[in-house]
Every structure is written in C-alpha cells, then in structure tokens.
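>>> any chance you can model this:
(6 chains)
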4 protein chains.
Amino acid sequence: MSPRSPEQNQAQREETRQRILMTALKAFAEKGYAATSISYIAKEAGISKGLTYHYFNSKEDLLHGIFHCLNSFSGEAIALLKNKSPQEQLRLTVEMTFDYIQKNPDLMRFMTSLALQPDAMVTLKEDIKMHKQQTIDVYTKLFSTLNYPAPEAEAYYLGAMLDGVALGSLALQEDYPLAAIKEKILNHYQL
Amino acid sequence: MSPRSPEQNQAQREETRQRILMTALKAFAEKGYAATSISYIAKEAGISKGLTYHYFNSKEDLLHGIFHCLNSFSGEAIALLKNKSPQEQLRLTVEMTFDYIQKNPDLMRFMTSLALQPDAMVTLKEDIKMHKQQTIDVYTKLFSTLNYPAPEAEAYYLGAMLDGVALGSLALQEDYPLAAIKEKILNHYQL
Amino acid sequence: MSPRSPEQNQAQREETRQRILMTALKAFAEKGYAATSISYIAKEAGISKGLTYHYFNSKEDLLHGIFHCLNSFSGEAIALLKNKSPQEQLRLTVEMTFDYIQKNPDLMRFMTSLALQPDAMVTLKEDIKMHKQQTIDVYTKLFSTLNYPAPEAEAYYLGAMLDGVALGSLALQEDYPLAAIKEKILNHYQL
Amino acid sequence: MSPRSPEQNQAQREETRQRILMTALKAFAEKGYAATSISYIAKEAGISKGLTYHYFNSKEDLLHGIFHCLNSFSGEAIALLKNKSPQEQLRLTVEMTFDYIQKNPDLMRFMTSLALQPDAMVTLKEDIKMHKQQTIDVYTKLFSTLNYPAPEAEAYYLGAMLDGVALGSLALQEDYPLAAIKEKILNHYQL
DNA sequence: AATGAATGAGGGTTCATTCAT
DNA sequence: CATGAATGAACCCTCATTCAT
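Numbering: from 1, shown residues only, chains lettered A, B, ... in the order given. This next block holds a predicted model:
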C-alpha cells in the first residue's frame, strides 16, 4: 500500500517543511508577524491550513523554525569567511551586512524586530541571545587575531554599529546615507 | 451655560487623555503594539473601552499620540543641553542615552520598535523619519561646532552607534557590557 | 433670577425641538435611520447630545416625533386642496405626489421605508396605519364626490399606484419614466 | 488525496451555505437588514459566528447572496408562464403576486425594502435596478404581444400597481382590501 | 435648560487552532 | 499524510444612553 519508500517520505516531509518555512519567512518579513495569518501562509505555500499544523505546533513554533533557519543562513555567511585573511574577513563582514541591508530590507526588519519581541516569548528570547552572542564571539576572535587591545569591547562596538545602521536605514530608507557610513566604518578599521 | 465649567472640563479631559496615553505607552512598550488590545489599555487605565475612542479615533491614532508625547520628551532632553559647551553637550548626549537604556528599557524598546512597524502605517513612518532627522540635525550641528571634517556622516555614525547599543542591550539584557561600550564611545570622542 | 418669561421659555423650547426634529429628518432621509447617530444629529443641530434627551426620550421617540411632523406636513398638503373642484383636487394630488418624488427622493425614501419598519416598533406601525387610512379616506371622499361606483376600491387603487411609482422611481432613479406614467395616470382619470 | 471526498465537501459546503442564506433571509425579512446581527443569524442557523465569514465575506455580501437567490426564485416564477397564452400570462402574473403578498409578507417586505436601502450600497442598487428592469421587460413584451398601444408605459404602470399594493398591504395588513384591489386590476386588464 | 465625559453592550470581523474524515 | 469546515475567543470600533455638574 505504501508506494513511497521511507526515504522518499522523509525527503518529501523535509521539502514541505522548508516550503512552509520559506513562505512564512517571506510573509513575516513583508507584512510582520502579527499581520500574517496561518491561512495566508498555507495558501501561499500551496498546502492546506491543517497541514501546517502537522509541521509546526503553532504560529509561534513557526516563528522559532524561521529563526533557526535564519540562524543557519548566518552560519553560511560565516562559512564564506573561511580561508580569508582576518582583514579580509572584517571587510567582508561589513560589506555583507551593508549589502543585506540594501537588498533585503524586509528581511532585515524582520530579523531586527525579533530582538524586540515582547517578554512573552521567552524561548525565542533565549535563542536570540545565543545567536547574538555567537556573532559577538566571531567578531571577538577576529579582533583578537588582529591584536586589538580590547577585542570583546571592539566586537560589541562593531555589532552595535551594524545593528544601528540597519535600524537607521529602515527608518529613513532612501534618505539614509548608507554609502557614507560604510566608508566611515571601513576607514575606522583601516580596510 | 455649561454646568461643569469649561476649565474643569478641559482639565478633566487632559487628565484622562494623559492617563490613557501613559497606560498605552507602558502596555505598548511591554507587550508590543500589535499584541496590546484597547481592552487591555482601558482596563489598566481604569476606564471603559468606549472612552478610549472619545480621546483617540483609533488604535493607530493612539500610537501617534504616544509618539508625539515621546517626541516632546526628547525635546526636553535637548533643552537640557542648552548653555553647555559642545564637548559637554556631546558627553551628555551619550550619557543620557545610556542612562535611558538602563533605566527605561521598555520605553526604549517601544521607541526602537517604532522604526520596525510594517509599511502599512505610512503616517507614523513619516513622523519617525522627521524625528530621526531632527536628532541627526542636532548631532550634525554639534560636530560642526567641534570642527569635525564630515559632521553629517559623524552624526549618522553616532546615531547608529547609540541605536545599536540600545538594540543589543535589549536583546542581551544584563549580559550586555553597557559600561565598556560607553567607555569606548566616550574615548572615541575624547570626552 | 429668571430673565426669561415663561412664554419665552416655551417658545425657545419649541424652537429647539423643531430644530432637532428637522435635523433628524434630514439625516434619517439621507443616511437612513439605523445609520444616523444621535451624536450626529446633535452636532448638526448645534446642540449637545444630552439635550437631545431632554426633548426626546430615545432615538425611537425621535422617529415618532418626525412621523407626526411629517403627518402635519401632509395635512398642509391636503389643506391646499381646499376650495378646489373635485377634478382639480384629484389632479393636484397626483401632480403633488410626482413633484415630491422628483424633488425630495431622500425624504420620499424615508417615508416609504417607514411603512416597512420591522415588527418591533409597534406603536409606530399603528401611527403609520392611521396615516395611510387617513389618506385613503381623503381619496375615498374624493371619488365619492366624483360619483365613482366603488370609491373606496378606487382610493386604494390610486394610493397603490402612487406608492408604487415612488418605489419604482427610487429603485430605477433617472431611468424611471416618471413623465410617461404621470401622463398615463392623469389620462386614466381623464384629468 | 482529500480524506473527505471532494463531493462530500462540496455537498456540505452547499448545504451550510444554503442554511445561512435562508436563515439570513428570514431574519432580514422579519427585522430588517440593519437591525439583524450576524450573531443572531449564526445562532438561528445553529452555527458559529465565524463560520458565516467562511461563506460570506461580509454582511453586505450576505445580502447580495440573498438577493441573487431571490432573483433565481423569480426566474422560476417567470418559467411557470411558459406555454401559456398572453392573457393567461398576464392573469397569472397578477395572481401570483397577490398570492405572494398574502403568503410571504415577510419576504415581500424584504424585497420591497431592498429598493429603500441608503445610497451607500451601490453594488446592491445596481443589482436591484437590473432585476426591476428585467421584470419591466417581461411585462413590456407581454403588453406588446397583446397589442397595447404603449406597452412599456403599460409595463411600468402594472409594475407600480403591484409594488404599491405590496407596500399598502404591508402597512395596513389585514385591513388592506387585497381581494377588492385584485378584482379591480383584473378588470382593468379585462382578465 | 444644558453639557459632554463616561459607560457598556453589542456590532462586524479575523484568526489560531481543532477535528472528522 | 492531508483537507478544509467549523469553532470560539478576541479584536477594533460604534453608539444609545446616563449623569455629575
């Protein structure tokens, strides 16, 4: 009766899960978490509402799923830095962030907003904390390799800078002088 | 003609309006705009749901009200800078921001989150833009007086920094090394 | 302490009452009874909401007031027929109705809709019945004078005709051939 | 793929839709459109309020649904006239209308009241216009076949008559001499 | 006689979630 | 695994009505 092998099943499962995740990410990014309904996500993903609940227990669970997905994306970004000189790594980090801000403002807004989730969503808060910490760790190692005197403070400094630019850019949009700021940051680190 | 004198009326009106505004501010800050219901605000303010609509045409109008209220607060903050030396003004700006982040994290979160509202709320976006621009203008003038070579870029740079610190601090909470970053910023500007 | 004489008071009372009534009539006619709020009426009449309740116990009471007012208007219309020949009276009745349909469609709609009020408003139903009956009586007497064989049936016939024209005209608006129908009716009665 | 077969689903959907439609029709007819709440309709239909919105996008949409439903009824009525002589068709039209007035006064009231909705409901107005026009067209053709000199005017005349009788009967209820008027109309057309 | 702040019930509508199939 | 009809709670908002002054 079962025409599909367990592996095929598993693959299909994973694919559907990913499709839901990506659809939700797009929707959340464009319209905001609260303004996006499960109905809408299901329709966009081409599946039924009920099926969504086979893959995710709740809307909040879906949010968690997206977060982890995003997390793995940023892992990929970090992977791109491999086998580069520390200088180059630093430069690329800044470049990639500015690129992202410019090209995916919706996604950027969504990710930034995650940090401001109300206190209710405790587990998500933990995840976000961990992620932020990881980013800081990467930066810290970088500044350490580059022999900066206070690498951790420097890491937080850079992190804050990039977050702040994202926030300002989202608020002022085209009026925000992204290029000038980028220049200034690169100069600051003599890149 | 009026049995309750116009002044009494006016006073009562203003007081109730302020109570709603403050209650809403607290609620929005703690739970987020979308997650806060008018019902909740009314209950917290000790008034009926309907009365809220006597003072504000809609939930979004209430948000605008809060924003303008906050705006006037920040006007007061700027006023504090008067009659100080430029150096002192710069130092105070940084100090006050860090103070705010530490003492009113909820409020800070609310203000930061305003920039992340979905695009739907166009008028709010305009208000936020104007406010951000004003802040940048103040900073620019400051850096101009201090003979910085690119005062405007410097202004955006400082603005981004402070916003980024707020964001990071809200995400990492007690784990965020506010003091160290503050030190670093003050050093950067030789304050 | 009382600067106004009782008569002046009385006069003012009556005037205010009339203003409310006329304002409500206009609003009900234009927007419909359900869609018109007491607030709106009060504002249009230039008085406070509370005062409205000094003159009318409820919104429904206001509707009754309007009905009686309208009733007296139609009394005036009937008065115009005095000292005219029966033929002329009949002709004028038809002419005046068509005139009204054309010039005051909103009011016509309101009056017509009164006849269809839900069963809830029993007292109004009674009033309407009485008014319809009066109209029929006037017509009956007319046809009686004109020696029609079945004056009462003829009266109902004419009444239905005029009501039906009003209804059709309200539905089809400019597309309704008011002139042609009027011609036909006048011909029917050889006027 | 679907566990409930599509046909089952379709059938269930149609049945529920019809139940809502019929319940709403009854309620609108008895209490009027504005005075009927979706809550009430849902309760009467034995379903949840939310489900109503699964089938109709809004209260106004529900009204449209009813209108179209009624429209198809009147189509059936017209179908009954087929294969009858013109005289007979005319007679049947009058008979059926009087029958309807007597047996379904609520429904009649609802249909009549449609023409009196405030101008806000533009799309409905269009539908009503079309329906009225169709009725007139049928009458016109009839009178044309019967060689009346001005068939269209005659059609409007008959339409107005029947509408007016409905209105009068709804207002005066048992006091309205339906039989006498019917006689008079049939006589008028020598039926 | 007059005001308008305040109430509270209810309206239309949305949506996360469940469940029979 | 998959569907979508159904639920019910909550949401934003309106408004007739009351009442202290």
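>>> buried residues of the top helix by length along chain A, list them for me.
Determined from DSSP state H, the single longest helix within chain A is helix A:6-31. Going by neighbour count (16 or more other C-beta atoms under 10 Å in any protein chain shown), the buried part of helix A:6-31 is A:16, A:20, A:21, A:23, A:24, A:25, A:26, A:27, A:28, A:29, A:31. The way it works is simple: take the backbone N, C-alpha and C, and place the C-beta from them, glycine included.
>>> now for the strand or helix carrying residue A:167, which elements pack on it?
Per DSSP states H and E, residue A:167 falls inside helix A:151-172. Packing partners of helix A:151-172 (3 or more C-beta pairs under 8 Å, 6 or more residues apart in numbering or on different chains; DSSP states H and E): helix A:86-103, helix A:105-114, helix A:122-145, helix A:178-188, helix B:122-145, helix B:151-172, helix B:178-188.
>>> can you tell me what sits against stretch A:105-116?
A:25, A:28-30, A:32-33, A:67, A:70, A:100-101, A:124, A:128, A:132, A:163, A:166-167, A:169-170, A:173, B:32, B:109, B:112-113, B:116, B:167, B:170-171 (C-beta atoms under 8 Å, 6 or more residues apart in numbering or on different chains).
>>> the residue in chain A positioned nearest to DNA strand F: what secondary structure?
Closest approach between chain A and DNA strand F, counting by C-beta to the nearest atom of the strand: residue A:50, at 1.9 Å. Here residue A:50 is recorded as helix under DSSP: H, G, I helix; E, B strand; the rest coil.
>>> DNA strand E versus that one, what's the distance?
4 Å (C-beta to the nearest atom of the strand, to the nearest Å).
>>> check the burial of that residue by counting its neighbours.
Counted with other C-beta atoms under 10 Å in any protein chain shown, residues neighbouring residue A:50 total 10.
>>> one more: residue A:82?
Neighbours of residue A:82 under the rule other C-beta under 10 Å: 7.
>>> that one in helix, strand or coil?
Applying three-state DSSP: residue A:82 is coil.
>>> now do the phi/psi pair for it.
Residue A:82 adopts backbone torsions of phi -50, psi 150, taken as degrees, to the nearest 10.
>>> one more: the one 3 residues further on?
Listed backbone geometry of residue A:85 is phi -70, psi 150, with angles given as degrees, to the nearest 10.
>>> repeat for residue A:150
Per-residue torsions, residue A:150: phi -120, psi 80 (degrees, to the nearest 10).
>>> then stretch A:13-23 to CSV, C-alphas only?
Taking C-alpha atoms only, stretch A:13-23 is exported to CSV below (Å, rounded to 0.1, in the frame of the first residue of the first chain):
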residue,chain,number,x,y,z
ARG,A,13,8.5,15.8,4.5
GLU,A,14,11.6,17.9,4.7
GLU,A,15,10.8,19.7,1.4
THR,A,16,7.3,20.6,2.5
ARG,A,17,8.6,21.8,5.8
GLN,A,18,11.1,24.0,4.1
ARG,A,19,8.5,25.4,1.7
ILE,A,20,6.3,26.4,4.7
LEU,A,21,9.3,27.9,6.4
MET,A,22,10.4,30.0,3.4
THR,A,23,6.8,31.1,2.7
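>>> which residue, other than its chain neighbours, is closest to the residue most central in space within chain A?
Closest to where the C-alpha atoms of chain A average out (C-alpha atoms, centre = their mean) is residue A:70, at 4.3 Å. Nearest residue to residue A:70 in three dimensions, chain neighbours excluded: residue A:111, at 6.3 Å (C-beta to C-beta, 6 or more residues apart in numbering or on different chains).
>>> next, count neighbours for the one you found.
Using other C-beta under 10 Å as the criterion, residue A:111 is surrounded by 24 other residues.
>>> so for it, what's the pLDDT?
Listed pLDDT for residue A:111 reads 90.
>>> ok, it to chain D distance?
Distance, residue A:111 to chain D, using C-beta to the nearest C-beta, to the nearest Å: 33 Å.
>>> got it, and residue A:24?
Distance from residue A:24 to chain D, by C-beta to the nearest C-beta: 23 Å.
>>> what about the closest residue to that residue other than its chain neighbours, which helix or strand?
Once flanking residues are discounted, residue A:24 sits nearest to residue A:41: 4.9 Å by C-beta to C-beta, 6+ apart. Under the criterion of DSSP H and E, residue A:41 resides in helix A:38-45.
>>> where in chain A is pLDDT low?
Residue ranges of chain A with pLDDT under 70: A:1-7.
>>> return the nearest residue of it with respect to chain C.
Closest contact between chain A and chain C, by C-beta to the nearest C-beta, is at residue A:35 (29.7 Å).
>>> picking that back up, now, among the buried residues of helix A:6-31, which is nearest to chain D?
residue A:16 (13.6 Å).
>>> doesn't residue A:26 make contact with the residue nearest to residue A:24?
No. If you go by C-beta atoms under 8 Å, residue A:41 and residue A:26 don't touch, sitting 9.1 Å apart.
>>> can you name the residue of chain A nearest to chain D?
Taking C-beta to the nearest C-beta as the measure, chain A has residue A:48 as its residue closest to chain D, at 9.0 Å.
>>> chain neighbours aside, what residue packs nearest to that residue?
residue A:42 (6.1 Å).
>>> cool, and residue A:46?
Counting by C-beta to C-beta, 6+ apart, residue A:46 lies nearest to residue A:19, which is 7.7 Å off, once chain neighbours are set aside.
>>> re the thing from before, could you tell me the phi and psi values at the residue of chain A closest to chain D?
Main-chain dihedrals, residue A:48, degrees, to the nearest 10: phi -90, psi 160.
>>> got it, and residue A:190?
phi 50, psi 50.
>>> ok, how many other residues are close to it?
For residue A:190, using other C-beta under 10 Å, the count is 7.
>>> tell me the secondary structure for residue A:34?
Under three-state DSSP, the three-state class of residue A:34 is coil.
>>> kindly apply the preceding question to residue A:57 instead.
Under the three-state scheme (three-state DSSP), residue A:57 adopts coil.
>>> that one and residue A:68, how far apart?
Computed as C-beta to C-beta, to the nearest Å, the residue A:57 to residue A:68 distance reads 14 Å.
>>> what do you get for residue A:49?
From residue A:49 to residue A:68 the distance is 23 Å (C-beta to C-beta).
>>> quick one, what contacts residue A:128?
Residue A:128 neighbours (C-beta under 8 Å, 6+ apart): A:67, A:114, A:115, A:117, B:171.
>>> run the last query once more with 10 Å
Counting by C-beta atoms under 10 Å, 6 or more residues apart in numbering or on different chains, residue A:128 touches A:67, A:71, A:111, A:114, A:115, A:116, A:117, A:121, B:170, B:171, B:172.
>>> give the buried residues for the helix or strand where the first one lies.
With elements taken from DSSP H and E, the one containing residue A:67 is helix A:59-80. Within helix A:59-80, the residues scored as buried using 16+ other C-beta under 10 Å are A:59, A:62, A:63, A:64, A:65, A:66, A:67, A:70, A:74.
>>> per-domain residue ranges of chain A.
A:1-56, A:58-188 (automatic domain parsing).
>>> now do the SS call for residue A:149.
coil.
>>> got a list of what it touches?
Taking C-beta under 10 Å, 6+ apart, one finds residue A:143 in contact with residue A:149.
>>> about what we covered before: adding distance to residue C:149, write the buried residues of helix A:59-80 out as a markdown table.
Below are the buried residues of helix A:59-80 laid out as a markdown table (distance: C-beta to C-beta, whole Å):
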| residue | distance to residue C:149 |
| --- | --- |
| A:59 | 78 |
| A:62 | 81 |
| A:63 | 83 |
| A:64 | 88 |
| A:65 | 86 |
| A:66 | 86 |
| A:67 | 89 |
| A:70 | 91 |
| A:74 | 97 |
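>>> wait, residue A:39 touches residue A:49, no?
Yes. When contacts are counted by C-beta atoms under 10 Å, residue A:39 is listed as touching residue A:49 (5.7 Å).
>>> what separates the residue nearest to residue A:48 from residue A:66, distance-wise?
Separation of residue A:42 from residue A:66 (C-beta to C-beta): 15 Å.
>>> buried residues, stretch A:110-125. List them.
Result for stretch A:110-125 [16+ other C-beta under 10 Å]: buried residues A:110, A:111, A:112, A:113, A:114, A:115, A:116, A:117, A:118, A:121, A:124, A:125.
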